[in-house]
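In: Build me a model:
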Amino acid sequence: MTRRSGRPPASALALLQQEVNDLFQRLTLLDRSEHLPGSEWCPPVDVYETRGRLVVVVEVPGLPPESLKVAFRDHSLVLAGTRRTPRPGPGVSFQCLERPDGRFERVLPLEIPVDVARARARLDGGLLTVTLPRLHERRGRETIIPIEKERDE
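Out: Numbering: from 1, shown residues only. Here you go, the predicted model:
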């Protein structure tokens, strides 16, 4: 009677090792694209396409339009801004402080050509919505997209 070892064959271990290495490589690339140098926090972003437009929605509660920048540069949408938490007066100590503050910058590479001249950015209810109509490819410069102020209700 022969006894079988409970260990998998060497080829299965080599395959597992390769898969783990690939996973770490992908995580490293993801980490580099999300946290750019100089960024202190990273707001969540949704990107979708509808009716010939690309729509980008960024969650930026509490930020006024003056503290945000939306630009298009080198086939990428650049979203940047700064959130400053008001500091309470003397004698106040925080028990919990979870809302991030500081500077952020997100660069979203766009695979499809868009009409930057007709792009619109609107800030409403803490959501910055950038609408970019599709277009035949254009190469070149950075274009600033103005942000409309939130409606008073």
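In: Now do residue 35, the pLDDT please.
Out: pLDDT for residue 35: 46.
In: make that residue 151, sorry
Out: At residue 151, pLDDT is 78.
In: What sits closest to it if chain neighbours are left out?
Out: residue 124 (6.5 Å; CB to CB, 6 or more residues apart in numbering). (C-beta placed from N, C-alpha, C; glycine too.)
In: Was I right to think the one you found contacts residue 147?
Out: No - using CB atoms under 8 Å, residue 124 is not in contact with residue 147, being 10.4 Å away.
In: one step back: count the neighbours of the residue nearest to residue 151 for me.
Out: Residue 124: 11 surrounding residues under other CB atoms under 10 Å.
In: So what sits opposite it in the bridge?
Out: residue 127 (DSSP bridges).
In: what sits up against the worst-scoring helix or strand of the chain on mean pLDDT?
Out: When the helices and strands of the chain are scored by mean pLDDT, DSSP states H and E, helix 10-34 comes last with a mean of 71. Residues outside helix 10-34 that contact it (CB atoms under 8 Å, 6 or more residues apart in numbering) are 42, 107.
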